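Asks: Structure for this input, please:
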Amino acid sequence: MHFRRTVKRFSILCLAVAAMWLETGCSRKQADSYQGYIEGKFVYVASPQSGRLDHLSVTRGDTIIAGHPLFAFDNEPEASAMREADQMLRSAQSRLADLQTGKRPSEIEVTRAQLMQVLAEKKQADQILAVDQAQYRAGGIPQTELINAQAAVDSSNARLRELEATLAVDALPAREQQIRSQENQVAAARASRAEAAWRLQQKDISSPRQGLVFDTLYREGEWVAAGNPVVELLPPENLEIRFFVPELVTGKLRVGQSIRVDCGRMFHQH
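Replies: Numbers count the residues shown, from 1 in each chain. Model (predicted):
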């Protein structure tokens with residue numbers, strides 16, 4: 001949210017300090033009235049984002065507190081970007097969790113099932129090899145059948161070792177370099193989400209100060225360029241009353257003395 005201050009002078013030809021009470025002992029004597037003016041340091045509230053003014057929450061003359069909603073722009077582009085950033089962050093976090101904990105239990109169960117199947121196949125291949133060896137020694141089968149039976153056993157053993165190694169690896173987290181790389185991806189996704197959240201927040205602006213809504217500068221439905229003020233605030237602490245008194249009176253003034261300001265309703269800005 002952007003805001004800036006400027007000084008405007010109101011000729012509220014206030015009897016700007018009408019009735020200044022001078023105290024002398026226990027008695028009070030009303031002095032003459034003195035004309036003056038009020039200087040106001042305005043706060044112009046704007047958004048760093050451009051957009052269509054969807055809602056104006058205040059009107060000229062309202063007195064509001066700090067944090068009161070002022071205006072809101074159309075936020076659909078930023079809301080879509082925020083949803084996308086949320087999804088990317090969740091995806092990156094899920095990938096990191098997978099790398100840190102190894103494969104999911106369901107994936108490990110698939111590997112275990114394959115291992116059990118290979119064990120059964122190996123047992124059958126061992127039995128066939130034993131029968132073929134006996135028949136070959138008795139001259140019942142040619143050597144080629146014995147070679148094929150031995151090859152089946154060797155293949156089963158190789159497949160068994162592969163699945164045992166896979167099962168062991170599945171229970172381990174990923175390598176340190178992979179985890180570090182994915183942690184960087186999560187950090188980048190989190191930064192993108194923070195930026196998207198900030199952009200979305202700048203479409204809905206609240207008052208930075210309490211005070212008077214002196215003016216509103218756009219109407220709902222109008223396009224507002226980035227940085228253009230939408231609301232003009234006048235905080236009470238930004239008001240200064242200036243008036244001039246004769247030299248003879250200045251010697252009777254002191255800090256903490258009470259005054260009464262009687263201002264008209266005609267405002268002229270200079």
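Asks: going forward, measure contacts between C-alpha atoms and count neighbours the same way
Replies: OK.
Asks: Buried residues, stretch 65-74. List them.
Replies: His68, Pro69, Leu70, Phe71, Ala72, Phe73, Asp74 (16 or more other CA atoms under 10 Å).
Asks: How about stretch 49-58?
Replies: With burial defined by 16+ other CA under 10 Å, the residues of stretch 49-58 counted as buried are Gln49, Ser50, Gly51, Arg52, Leu53, Asp54, His55, Leu56, Val58.
Asks: where do the helices sit along this protein?
Replies: 76-101, 105-137, 143-170, 176-201, 247-250 (DSSP state H).
Asks: Would you reformat those helices as TSV and include mean pLDDT, distance to Gly227 and mean neighbour count?
Replies: Output for those, formatted as TSV (pLDDT from 0 to 100; distance: least, CA to CA, whole Å; neighbours: other CA atoms under 10 Å):
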stretch	mean pLDDT	distance to Gly227	mean neighbour count
helix 76-101	87	17	16
helix 105-137	83	54	15
helix 143-170	82	55	16
helix 176-201	88	13	16
helix 247-250	81	45	9
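Asks: now for those, which one comes closest to Val230?
Replies: Judged by CA to CA, the one of those that comes nearest to Val230 is helix 176-201, at 16.1 Å.
Asks: Kindly calculate the angle that that closest one makes with helix 76-101.
Replies: 160 degrees (axes from the mean of the first three to the mean of the last three CA atoms, to 10 degrees).
Asks: between the buried residues of stretch 49-58, which is nearest Arg180?
Replies: Once CA to CA is applied, the member of the buried residues of stretch 49-58 that ends up nearest Arg180 is Gln49, at 35.3 Å.
Asks: Quick check, that closest one in contact with Asn228.
Replies: No - with contact defined as CA atoms under 8 Å, Gln49 does not reach Asn228; the gap is 9.3 Å.
Asks: Which of the buried residues of stretch 49-58 fall in strands?
Replies: Gly51, Arg52, Leu53, Asp54, His55, Leu56 (DSSP state E).
Asks: measure the fourth one to Val224 for me?
Replies: Asp54 sits at a distance of 10 Å from Val224 (criterion: CA to CA, to the nearest Å).
Asks: Skipping its backbone neighbours, what lies nearest Val153 in space?
Replies: Ala125 (5.2 Å; CA to CA, 6 or more residues apart in numbering).
Asks: hang on, that neighbour packs against Leu146?
Replies: No - assessed by CA under 8 Å, Ala125 is found out of contact with Leu146, at 11.5 Å.
Asks: and the gap between the spatially most central residue of the chain and Gln93?
Replies: Note on the chain: the residue nearest the mean C-alpha position is Ala197, at 2.9 Å, using CA atoms, centre = their mean. As for Ala197, its distance to Gln93 is 18 Å (criterion: CA to CA).
Asks: Likewise for Ala168?
Replies: Distance of Ala168 to Gln93, given as CA to CA: 24 Å.
Asks: same check, this time on Gln133
Replies: 57 Å.
Asks: What of Val153?
Replies: Note on Val153: its distance to Gln93, by CA to CA, is 44 Å.
Asks: Regarding this structure, what is its longest strand?
Replies: strand 36-46.
Asks: And Asp62, its phi and psi?
Replies: phi -70, psi 140 (degrees, to the nearest 10).
Asks: residues contacting it?
Replies: Taking CA atoms under 8 Å, 6 or more residues apart in numbering, we find Asp62 in contact with Leu212, Val213, Phe214.
Asks: Quick check: the last one touching Leu233?
Replies: Yes - at 5.5 Å, Phe214 and Leu233 qualify as touching, with contact defined as CA under 8 Å.
Asks: neighbour count winner among the two?
Replies: It is Leu233, of Phe214 and Leu233, that has more neighbours when counted by other CA atoms under 10 Å, with 30 against 18.
Asks: That one pairs with what?
Replies: Val43, Val213 (DSSP bridges).
Asks: pLDDT wise, what is it at?
Replies: Confidence at Leu233, expressed as pLDDT, is 95.
Asks: Return the residues in contact with it.
Replies: So Leu233 contacts Phe42, Val43, Tyr44, Val45, Gly211, Leu212, Val213, Phe214, Asp215 (CA under 8 Å, 6+ apart).
Asks: again, only this time at 6 Å
Replies: Neighbouring residues of Leu233 by CA atoms under 6 Å, 6 or more residues apart in numbering: Phe42, Val43, Leu212, Val213, Phe214.
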